[in-house]
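In: pasting the sequence and the predicted coordinates here, then a few questions.
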Amino acid sequence: MPLIRRRKRSENEKPSTSDSNSQEEDDKKKTVTEEKSRDKSKKDKKWSCIDSCYWFIGCICTVWWILLFLYNAMPASFPQYVTEAITGPLPDPPGIKLAKEGLKAKHPVVFMPGIVTCGLELWEGHHCAEGLFRKRLWGGTFGEVYKRPLCWVEHMSLDNETGLDPPGIRVRPVSGLVAADYFAAGYFVWAVLIANLARIGYEEKTMYMASYDWRLSFQNTEVRDQTLSRLKSNIELMVATNGGKKVVVIPHSMGVLYFLHFMKWVETPTPMGGGGGSDWCAKHIKAVMNIGGPFLGVPKAVSGLFSAEARDIAVARAIAPGVLDKDVFHIQTLQHIMKMSRTWDSTMSMIPKGGDTIWGGLDWSPEEGFVPGNKKQRNNDSQVSAQNEAGNLVSERKHVNYGRIISFGKDLAEARSSEIERIDFRDAVKGNNVANTSCRNVWTEYHDMGFGGIKAVAEYKVYTAGEILDLLEFVAPKMMARGSNHFSYGIAENLDDPKYKHYKYWSNPLETKLPNAPDMEVYSMYGVGIPTERAYVYRLTPSAECHIPFQIDTSADEGEDDSCLKDGVFHVDGDETVPVLSAGFMCAKGWRGKTRFNPSGIRTYNREYEHAPPANFLEGRGSLSGAHVDIMGNFALLEDIIRVAAGATGEELGGDQVYSDIFKWSEKINLPL
């Protein structure tokens, strides 16, 4: 009985055939509907911008990692192989070439870095710099600039009253060859020269990097760090441990002025000087090979101190108006740069020296008639030869008044001096302070001038080198008050006057004498053939609480390829930073032979290197560059240095090597010798 009931129950539970077919049809319909829905959703879905961005970023990352893998996997000689396959066989680097000639290390060498190229590291700081002990604040990766910019500005600034460390902050120069071999990763400064010297046998015991805190005034490097005393001791040690062989000193850029200061300091009695005696240089120095030396200053320093800009920054401001002035990421860039750099006393060492006598006046300048791109190679012994090939071109060109270092308007830069009506700014009343809390603590001395003082500066209209000092003293009195204690910019009438024993004159070659060392040689080595800043066209910017009130007027442009005026800047021949006049005059005339600036008759040589840009990107920064820093990789310059370090003299190098008009321009300068 139970079995029968179970069988009946199971027969009742079994679905009928019709019900089963119906269920299958429903399932099929449902499946078809879902497929149609999916197909429709696929058709409706569009490719978005976000999808494109993701794919683009993904492709970049993939390519980057593939290239990185290939770069690390390729043989070290592969880049050179590719380069030679494209450009042909590369010449041997100077070190290898001269080693094959049999040259060996002889004289110890001392490297003297210039401004900004020497690394600085933190030894003590405020709370915001936690974790940065002995980390580089200057040079290297500059990582802290991006992570904490205001903290970085605070620690890179000096005390605005003393020019020394602010309370609670100690930033010091990095020591050793690594201090300035590379400025940043992949950007060499001294590394190429060091490597080539090593090829003929030099090593660290015969090379010394005289690093120093380039922000300080020259005498303050001794006051705070005893840097000058350390340099003196290291040179004496190198001479003593190398069989009495004198050192070859190689300063670069501002290091040229620093070593001028040192040569006077070392022979001056203590406590102001090093107490080495008047014959110290004669006993210890074979040659001073100055690279890109701003002996007479650079106009670029004027624009930097006046408006915290040069041509490159001015062009950037024109492309993106207001970006550098506005509060971007809580930092007003140019205002902070001005506030920081005006605490660096060293920048004042490069203000043009010699006034109108050297740089020209309202209606004349030594470089008058310069034609950009007019390259003329001269014989090495043709120091004052006729150089009039451009005469016809000059008469057809518009007259350029290079002596007007600052002009407020293109029309004033070109006008006759008799047509310019100027209102003297020196007695203008300052006031109506324009600073307020919206400036976010980016105080500059312009805020104390008021609108009246700012207007007075513009109404004077044109400034020559002799008036630049008065201008800077008016717009930045605190900065110039410190600077006047450490630097001077005139021309000495009587070098035997006791006042010139003060250290503020020692870095000015027109107010001091070379040491009594007749066997020593002085070289001026610099690039030519690159447009270099010489004078500026300015404009008064709209009134605002936090703006720097003056800007280079980038709309002032001749619009011709061979024009001297581009983007508000007048250019002459030079190395892109230092004009030929500043780099070459002292060795071409001021020190040439026995003069009052060179009473012992030290032999001087002008060695110019004509600029040739790299032919392709595989050449990097090029081996023929004459640019201010890139020249440190110039094969011809490196060869000259290595030959002198190995014992050669200037005459054995071939004497002067001149491509510019430096001798012609020097003759135009009426300087009593």
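Out: Structure received.
In: buried residues in stretch 649-668?
Out: 650, 653, 655-666 (16 or more other C-beta atoms under 10 Å). Placement of C-beta: from N, CA and C, glycine included.
In: L540: what's it in contact with?
Out: Each residue near L540 by C-beta atoms under 8 Å, 6 or more residues apart in numbering is listed here: 408, 454-455, 458, 549-550.
In: E367 too?
Out: By C-beta under 8 Å, 6+ apart, E367 lies in contact with 360, 402, 534, 572-573, 579-581, 661, 665.
In: could you find the closest non-adjacent residue to it?
Out: Spatially, and ignoring its direct neighbours in sequence, E367 is nearest to V572 (4.9 Å; C-beta to C-beta, 6 or more residues apart in numbering).
In: show me the helices in the stretch 1-150 of the chain, by range?
Out: In the stretch 1-150 of the chain, the helices defined using DSSP state H, counting those that start in this stretch lie at 2-13, 17-44, 49-73, 78-87, 94-100, 143-147, 149-156.
In: pLDDT of the third one, averaged?
Out: When pLDDT is averaged along helix 49-73, the result is 75.
In: would you mind pulling up the elements that that helix packs against?
Out: On a contact count with 3 or more C-beta pairs under 8 Å, 6 or more residues apart in numbering; DSSP states H and E, helix 49-73 meets no helix or strand.
In: any idea which element the residue nearest to E367 lies in?
Out: In this structure, V572 sits in strand 569-574 according to DSSP states H and E.
In: for that strand, name the packing helices and strands.
Out: When contacts are defined as 3+ C-beta pairs under 8 Å, 6+ apart, strand 569-574 packs onto strand 521-528, strand 530-540, helix 580-585.
In: from what I see, K410 and G559 are in contact.
Out: No: assessed by C-beta atoms under 8 Å, K410 is found out of contact with G559, at 11.8 Å.
In: who's more crowded, the two?
Out: Legend: neighbour count by other C-beta atoms under 10 Å for K410 and G559, higher for K410 (17 against 7).
In: list the contacts for the more buried one?
Out: By C-beta under 8 Å, 6+ apart, the contact list for K410 reads 537, 553, 556, 565.
In: can you tell me the helix or strand for V192?
Out: helix 191-199.
In: isn't H571 up against G529?
Out: No: using C-beta under 8 Å, H571 is not in contact with G529; the gap is 11.7 Å.
In: make JSON lines out of the contacts of E367 and add distance to A492 and pLDDT.
Out: Shown next, in JSON lines, are the contacts of E367 (distance: C-beta to C-beta, whole Å; pLDDT from 0 to 100):
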{"residue": "G360", "distance to A492": "20", "pLDDT": "96"}
{"residue": "Y402", "distance to A492": "25", "pLDDT": "95"}
{"residue": "R534", "distance to A492": "25", "pLDDT": "96"}
{"residue": "V572", "distance to A492": "26", "pLDDT": "96"}
{"residue": "D573", "distance to A492": "28", "pLDDT": "96"}
{"residue": "P579", "distance to A492": "22", "pLDDT": "97"}
{"residue": "V580", "distance to A492": "24", "pLDDT": "98"}
{"residue": "L581", "distance to A492": "19", "pLDDT": "97"}
{"residue": "D661", "distance to A492": "27", "pLDDT": "96"}
{"residue": "W665", "distance to A492": "22", "pLDDT": "97"}
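In: out of the helices and strands packed on strand 569-574, nearest to F635?
Out: strand 521-528 (13.1 Å; C-beta to C-beta).
In: quick one: list the elements packing against the closest one.
Out: Here strand 521-528 touches strand 285-291, strand 569-574, helix 580-585, strand 603-610, helix 635-645, going by 3+ C-beta pairs under 8 Å, 6+ apart.
In: relative to strand 285-291, how tilted is it?
Out: 10 degrees (axes from the mean of the first three to the mean of the last three C-alpha atoms, to 10 degrees).
In: what's the mean pLDDT across stretch 632-644?
Out: On average, stretch 632-644 scores 97.
In: assign a three-state SS to the residue nearest to G275 when sequence neighbours are not counted, would you?
Out: Nearest residue to G275, sequence neighbours excluded (C-beta to C-beta, 6+ apart): P269, at 5.6 Å. Following DSSP: H, G, I helix; E, B strand; the rest coil, the label given to P269 is coil.
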